[in-house]
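Chemist: okay, here's the prediction I keep looking at, along with the sequence it came from:
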Amino acid sequence: MIELVHPWALVLLGLPLLMRLMPAYRESRDSVKVPFFDKLLELSEQRPESGAMILSRDRAQRFLVGFMWLCLVVAASKPQWLGPPIEQQKSGRDLMLAVDLSGSMAARDFTLPEGAAIDRLQAVKRVLQELVGQRTSDRLGLIVFGNAAYLQSPFTDDHLVWMQLLAETEIGMAGQSTVFGDAIGLAIKLFRESESDQRVLIILTDGNDTGSTVPPVEAARVAATYGIHIYTIAIGDPTTVGEEALDIVTLERVAEFTRGRSFQALDQRQLQQAYRTIDELEPAVYETISFRPRRDLHWVPVALALLLYTAYHAPATWRVWRRWRSVRAA
């Protein structure tokens, strides 16, 4: 389908018609006086006349002028070829994962199906890789926290890069403490900078908050005002005491304030089940973008005009060139 960007330019097609209403162009020339004028008339067998000569174009010239004007006006209207509509689906949700890297994540209390024991962080990585494979439509981000919260990966559609950054995380690289209240605060800042209205934060921790700048519950209240759903997953044994004790009550309140849910994962099977439940509660969201590719065609009429002009004048130019060569050769 062809569409004109400037259709008003076609009004110029009628401009040559106005030229017919204008008087013809006149040019006066001086006559040549010679002392033997009568002799010239006698030899040429002509008699002197006075008047005007009207030059007119032949049919080829008229067609050439009209066609070139048509081509230039069509080019000025900027024709474009519109291709068939193309629909693209882009990610409709921003999903942030906050992973605890405190020293207690080194506890080897998760068992693989084949019986091998792995630490908590390895179990988290395995399940997150499975989750990423199912959330192809989401933009993913990654926050790691210990003594402080750090951004490991901003929101990205490149899941391969995201998984590589996840694989590079190590226990203790963010410190030995657990400040998941600050992780929520950092996530809020990142969500505020995003354009998505679908915002989900998943927090994985095996301890209690040990001194965040903003308490987790207060951070959750702020997150709720920005429409962020927080899902908390408590990893490990809930019977532990001391600094490594799981603060189940705080995790549940954080999820409750943001209309999320709280889970406990004592083994890898429960951890996988928690992610499956989150996947059901937060189904994939797609935003469809439709557009039609455009290709400019204004060069086509210009090229036709130049081609026809060249074809018309080429024979005359060739004759002039041949004559010039013959004169030089003589």
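Modeler: Structure received. Predicted model only: the values in this text are computed from it and were never measured.
Chemist: surely residue 262 is in contact with residue 234?
Modeler: Yes - at 7.2 Å, residue 262 counts as touching residue 234 under the criterion of C-beta atoms under 8 Å. Bear in mind the C-beta positions are built from the backbone N, C-alpha and C, glycine included.
Chemist: which residues do the two both contact?
Modeler: Listed as contacting both residue 262 and residue 234 by C-beta atoms under 8 Å, 6 or more residues apart in numbering are 248, 251.
Chemist: more neighbours: these two, which one.
Modeler: The neighbour count for residue 262 versus residue 234, taken as other C-beta atoms under 10 Å, is higher for residue 234 (24 against 20).
Chemist: test my guess that that one contacts residue 270.
Modeler: No - applying C-beta under 8 Å as the test, residue 234 and residue 270 come out as separate, 10.1 Å apart.
Chemist: overlap in contacts of those two?
Modeler: Both residue 234 and residue 270 are in contact with 263, 264, where contact means C-beta under 8 Å, 6+ apart.
Chemist: neighbours around residue 131, how many?
Modeler: Residues near residue 131, counting by other C-beta under 10 Å, number 19.
Chemist: what ranges does the stretch 151-300 of the chain have for its helices?
Modeler: 159-167, 180-193, 216-225, 248-257, 268-281, 299-329 (DSSP state H, counting those that start in this stretch).
Chemist: quick one: mean pLDDT over the second one.
Modeler: Pointing back at helix 180-193 there. For helix 180-193, the per-residue pLDDT values average out at 91.
Chemist: tell me what angle that helix forms with helix 216-225.
Modeler: Between helix 180-193 and helix 216-225, the angle comes out at 10 degrees (axes from the mean of the first three to the mean of the last three C-alpha atoms, to 10 degrees).
Chemist: what does helix 180-193 rub up against?
Modeler: Helix 180-193 is contacted from outside by 94, 96, 98, 100, 141, 143, 145, 148-151, 154-155, 199, 201, 203, 205, 209, 212-216, 218-220, 222-223, 226, 228, 230, 254, using C-beta under 8 Å, 6+ apart.
Chemist: for ChimeraX, what selects the buried ones among these?
Modeler: The ChimeraX command for the buried members of the contacts of helix 180-193 (criterion: 16 or more other C-beta atoms under 10 Å) is given here:
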select :94,96,98,100,141,143,145,149,150,155,199,201,203,205,209,212,214,216,219,220,223,228,230,254
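Chemist: to residue 71, which of the helices of the stretch 151-300 of the chain lies closest?
Modeler: helix 299-329 (3.8 Å; C-beta to C-beta).
Chemist: helices or strands next to that closest one in the packing?
Modeler: Using 3 or more C-beta pairs under 8 Å, 6 or more residues apart in numbering; DSSP states H and E as the contact criterion, the secondary-structure elements in contact with helix 299-329 are helix 59-76.
Chemist: cheers, nothing more for now.
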